[in-house]
Structure formats: C-alpha cells, structure tokens
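Undergrad: Need a 3D model of the following:
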Amino acid sequence: MRIRAEVYSGAAVKAVISRAGAIFASLVLSVLVARVLGPEESGKFFLLMAVLGALNTVARYGTDNAALKILGGASSRVGRDLFHLAALVVLCSLAVVGCSLGVILILRPDTGGNMAVYFVTASAIVPQALVVLFGTIMRGRQMLAVGTMAELGSIATLSVLLLTPVALLGTSSVITAMGCVALASWLTLMWSAPVAYRALSTTDKNAGDFSFIGLQKFFSIWKAPLTNITSSSLLIFLLNWFPVFLLSAVGTLTDVSYFVVAMRLVGFITLIPAIQASYLTPAIGRDYHHGAIQHLNNMCIRAARQAFALSSLPTLILVFAAHPLVTYVYGGGFSPVAAPVVVMAVAALVVSYAGPVNALMFLCDLEGVSLILNVGVAAAWASIGLWITLTYGLMGAASFQGAASILVAVISACSLRHKRNIISFVRFSRVTSTPECGAEK
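TA: This is a model prediction of the structure:
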C-alpha cells in the first residue's frame, strides 16, 4: 500500500516550514536571552521556562493527545467532546496557577527580593495550555502549518519581537524577559482560539449538549487515559529537563544556562523527527483507530528512514565544529557548551533511528507502558543520574541524558512491535502483511 498522499502533500511541506521556523525562533530567543542577560542570569530565565513547561504539561491534562484520538475517530460527537477538553484545560490550568502561587507564597523562595517574577511566570500557564489544545485541533483538521505555528512557534516568535526593543533600550532583566513570554502567550491565544473554532466543521459545532453534567460524564469516561497521558507526558518532559533541575540544585545557574544552550543547538538534529510528529500524529491516530496497521507501519518506517538520513548532516556539523559554532553564536562565555553538545548530538541521532515512538505510544493505547517506562528512567535519574551529575557535573548530566533517551526509544520501539505489531524503526524493506491490530480489533 502506498503512503497516503496527503501526508506528504503541500500542506505537509508548509508544516515542515512552520516547524523549522518554530525551532529557529526558539533558537533565536535563547541566543537573545543568553547574549543580553549573560550565563548566570540567562540560567534563571531558562530554569523558569523549564518550570513553566512542566506546569503547562499538568495544566493541559493530556487533552492534546486526547483531541487527536477524538479527531481520529474515537468519538462520534467530535465538537461536544472537544468543547469538554477545552473546559478541562481551563479548570486544570486555573488549579495549577492557584497551587503554584500558593506554594510560592508559603515557601517564599529566594529571588533577590523580586517575587513578581513568579507571578509573571504563572500568568502564562492558562494561555499556553489552551494554545497547545487549539494547535492540536488545527493539525487534526489538516491545518498543519497554522497548528504547528500556534503550538510551537508563535510564542517564541512574538517573545523575540517583544524582547528585542527592550534589549536595545538596555532595560533587560529576567522579569522583563518572562513578561515578554507571558504577553506573547496571551497574544497567541487571542489568534489561535478563533482559528481553531473555524477549523471545525458545521456538524462538529452543532454536536451540542454542552453542560456541566455532560462534562462530568465525559471526564468519567476519559479520566483514566487522560491521567495516564498526563503522567507519561510530565515524566517525558521532566526526563528531558531533569538535568536542568538537577544542575540548578547541585550545580550553578551557569551550568543550567550551558545545558539549555546545548539542547537548543541539538534541536537542529531533532528538527526532522519533530517536524514529522507535527503532521504524522493525525495520520497515526486515524490509521490506528481504523485498524490500518500495515499502512501505519510503512508510513512510520519511511518517516524513520528520512529522519535518520536528514539528521546525519547536522550531527556531523555539531560533532566536528561544536566549539567554533558555540562561541560564534552565543559568545566566548559559552565555550564550555561544546563538549556536551557532541555527546547529546550523537544520542539524538541514535534516537531518530527508532522513529516516532513517543507519538505512537500515546496514540496506540500504550500510555500505561510509557508511564511505567518513564517512572523507571526517573528512578534511574534520581539515583545513578544524581551520582554521575554530582561527580562529573555538566558533562555527566549530558552523558546520562543521552544514554537515558536512547534506552527509552529502544524499549518503546520494542513494546510497539510486540504489543501492537507496529514497526516504528528504520527498515530497508516495506511491510507487505501485518496481523490485524488496532482500536477496531
């Protein structure tokens, strides 16, 4: 069976451009913050952004992945259930904001006398959680480029536009930088909400019975998968950013800044897999829920081959030219970043060989397996990873991060193969027959 034409159509090309633009905007924001604030102050900013990302993962409560399932055929009342998801995001994000501010007021962490930075950061939780859901709805309705920009690029782009004049005026600080991010989040929400609504069909919009009782019934049905998705998503996020939190506790804010800069540069290697995830996830959900596993396998294998091949070039550049590249882009003060970049670049290339395993695990009803896997890796970080970071510092954290990401990718690919007959990794032959499996089975 041939790969669906729409997956590689002009819409997909636009999504590729949009995703590339989003990653470039994130890189530009990190460069701007690093050069304006310096290693230590930028470390504070990056740490706050990491905390904000973790809180947003909880606030959206797995609704983005649930939306893809609903749009892929898991619900006969699409509009009603998407409305319920939006209501859940609002309720959860408000609860997260309240809990976060309560903890801040009780603990009163040391901020050099400026508590306002935490309140500014918390103000971005609600809009960022909603923006992810609305961007997912757009992608699920084939508005791939716009949805990708809403989820991943708009906030970073607007933050750069807002922060640049502030930097030119010489009034930059951590709180002004976070203020620009918060304002950019609300501006993104203002344009993404109506676009997502227009993306729905007339039938979807008229699928009504939007009531509190309906929301309770919806939550009782979706509570278990949403909780599993949220737990796994949070663990995946924390595992990606665990070195940042760990270095902030046992190292310095300068180490935090170095590690985040390394992550941004390695983002050029993960660019292709990330782009693929933007336009493949709706197709994955659709194929799985209709039992088209053979087609799904061929699509994932082709995507994995493309990702691995295209990621090889930036990997070679980062491995052999890390030092001059880092010092040219970020300045001489960030030269210690070169060594971690090499290790993380090689690990990222190996992970790309496994294919889009994260999306597959969530969309193919393996959230529980993903949760158990990530709990195990989190335990490894809290024990072995902690010792390695205490002993070897920044380089130790980068090395353990790379090894952990490879282990998760390999085990996830094996789980998909044995539990769902799904082949996600690089193969050089097409799948001609696959035992039936999927949501319809």
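
Undergrad: Which residue ranges of the stretch 151-300 of the chain form helices?
TA: Taking DSSP state H, counting those that start in this stretch to define them, one finds helices in the stretch 151-300 of the chain at 154-168, 174-199, 202-205, 212-250, 253-266, 271-289, 293-320.

Undergrad: what about the nearest residue to residue 409 once chain neighbours are set aside, how many residues close to it?
TA: Among residues not flanking residue 409 along the chain, residue 354 sits closest, at 3.8 Å (C-beta to C-beta, 6 or more residues apart in numbering). Heads up, the C-betas are built off the backbone N, CA and C, glycines and all. Neighbourhood size, residue 354 [other C-beta atoms under 10 Å]: 26.

Undergrad: my guess is residue 354 meets residue 412, correct?
TA: Yes: in this structure, residue 354 is within contact of residue 412 by C-beta atoms under 8 Å, at 6.9 Å.

Undergrad: Now list whatever residues contact both of the two.
TA: By C-beta atoms under 8 Å, 6 or more residues apart in numbering, residue 354 and residue 412 have these common neighbours: residue 424.

Undergrad: And the residue nearest to the spatial centre of the chain, how far from residue 358?
TA: Against the mean C-alpha coordinate of the chain, by C-alpha atoms, centre = their mean, the closest residue is residue 237 at 7.3 Å. The spacing between residue 237 and residue 358, counted by C-beta to C-beta, to the nearest Å, is 11 Å.

Undergrad: cool, and residue 40?
TA: With C-beta to C-beta as the criterion, residue 40 and residue 358 are 33 Å apart.

Undergrad: go on, residue 231?
TA: From residue 231 to residue 358 the distance is 14 Å (C-beta to C-beta).

Undergrad: where in the stretch 151-300 of the chain is pLDDT low?
TA: Scanning the stretch 151-300 of the chain for pLDDT under 70 picks out 201-213, 277-279.

Undergrad: which element follows the strand or helix carrying residue 329 toward the C-terminus?
TA: Using DSSP states H and E, the element containing residue 329 is helix 322-330. Using DSSP H and E, the helix or strand that follows helix 322-330 in sequence is helix 338-353.

Undergrad: now the angle between helix 253-266 and that following helix, please.
TA: For helix 338-353 against helix 253-266, the angle by axes from the mean of the first three to the mean of the last three C-alpha atoms, to 10 degrees is 40 degrees.

Undergrad: For the nearest residue to residue 33 once chain neighbours are set aside, give me its contacts.
TA: Of all residues not flanking residue 33 in the chain, residue 42 sits nearest, at 5.0 Å (C-beta to C-beta, 6+ apart). Counting by C-beta under 8 Å, 6+ apart, residue 42 touches 33-34, 36, 257.

Undergrad: ok, and the most crowded of those?
TA: Going by other C-beta under 10 Å, residue 257 tops those with 30 neighbours.

Undergrad: In contact with residue 338, which residues?
TA: With contact set as C-beta under 8 Å, 6+ apart, residue 338 has these partners: 322-323, 326.

Undergrad: if I look at it, how far off is residue 240?
TA: 21 Å.

Undergrad: how many neighbours does residue 105 have?
TA: Quick note: residue 105 (other C-beta under 10 Å) scores 11 neighbours.

Undergrad: now residue 314
TA: That count, for residue 314 with other C-beta under 10 Å as the rule, works out to 20.
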